[in-house]
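Student: The amino acid sequence is not available; the structure is as follows:
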């Protein structure tokens, strides 16, 4: 996909590179127990750094200047750490202490903090070993706000750690996505990172639901696209996946596609 320059569409400016991000960090982290008995999952350490620092540092390197982080479970532990960070991105807290809203509802609550321009959504347990080009740079270069409501970073199921499913999406020659058909396998798994336009969420209510509702809405409209991750993706969701990810950080990708 070619890079999308800054464009004007009527009175709306379509930005090619986002400057804000939503980091999803409010989950209970039950699959990471017992490590999450006393801390939220984003504070679990990978390579001597909390998972959320891997995410925030990567976002900063890609030019993100402000990150909205939602909090719920052990919120005070995460907030204390975020306050101690210096440099970019600037951190803004979206508080979900009153109710856990899942990924979709949490995003809807945070929308007033994210503004009217396209922004990034990044899971706090998604990390990877880079290929020749930084994947966030490639994602931002491929973003085209005139034809896309969402652009998802996708990992090959053959080059993924901590994932044992049948894949999430198929992708056509133009990059448009479709769901895996029931009883079939698909070559790509969602890597937990996307660029989205806020128009995708127009009229949404603040309630507990998954971001999958928005992805399905965009698929139906033909406006959900994907970009293949160049590198080795690691979904750090369990203690065993954490151990494998530690080994990958020390020794590199354990196998090739």
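Tutor: The structure has been received and is ready for your questions. These figures come from a predicted structure and were not determined experimentally.

Student: Please count neighbours and contacts with C-alpha atoms only from this point.
Tutor: Fine.

Student: Output the below-cut-off pLDDT ranges for this protein.
Tutor: Regions of the chain meeting the criterion pLDDT under 70 cover residues 1-16, 255-257.

Student: in the stretch 51-200 of the chain, which spans are strands?
Tutor: Assigned by DSSP state E, counting those that start in this stretch, the stretch 51-200 of the chain shows strands spanning 66-71, 90-95, 119-123, 126-130, 150-156, 160-161, 169-171, 177-179, 188-196.

Student: Buried ones in the fourth one, by neighbour count?
Tutor: Going back to what we said before, that points to strand 126-130. Of the residues in strand 126-130, 126-129 count as buried by neighbour count, 16 or more other Cα atoms under 10 Å.

Student: quick one: which of the residues you listed is nearest residue 210?
Tutor: Comparing the buried residues of strand 126-130 against residue 210 with Cα to Cα places residue 126 closest, at 17.1 Å.

Student: The closest residue to residue 196 other than its chain neighbours: neighbouring residues, count only.
Tutor: Leaving aside its sequence neighbours, residue 196 sits nearest to residue 150 (Cα to Cα, 6 or more residues apart in numbering; 4.3 Å). When counting by other Cα atoms under 10 Å, one arrives at 26 neighbours for residue 150.

Student: thinking residue 150 is in contact with residue 227, fair?
Tutor: No. Using Cα atoms under 8 Å, residue 150 makes no contact with residue 227, being 10.7 Å away.

Student: and the strands of the stretch 51-200 of the chain as TSV, adding distance to residue 33?
Tutor: Shown next, in TSV, are the strands of the stretch 51-200 of the chain (distance: least, Cα to Cα, whole Å):
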stretch	distance to residue 33
strand 66-71	18
strand 90-95	23
strand 119-123	18
strand 126-130	18
strand 150-156	26
strand 160-161	19
strand 169-171	29
strand 177-179	31
strand 188-196	21
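
Student: Can you say which of these is nearest to residue 214?
Tutor: Nearest of the strands of the stretch 51-200 of the chain (Cα to Cα): strand 150-156, 9.0 Å.

Student: in stretch 198-215, what counts as buried?
Tutor: Of the residues in stretch 198-215, those buried (16+ other Cα under 10 Å) are 198, 200-201, 209, 211, 214-215.

Student: now swap in stretch 89-101 and tell me
Tutor: Result for stretch 89-101 [16+ other Cα under 10 Å]: buried residues 89-96, 100-101.
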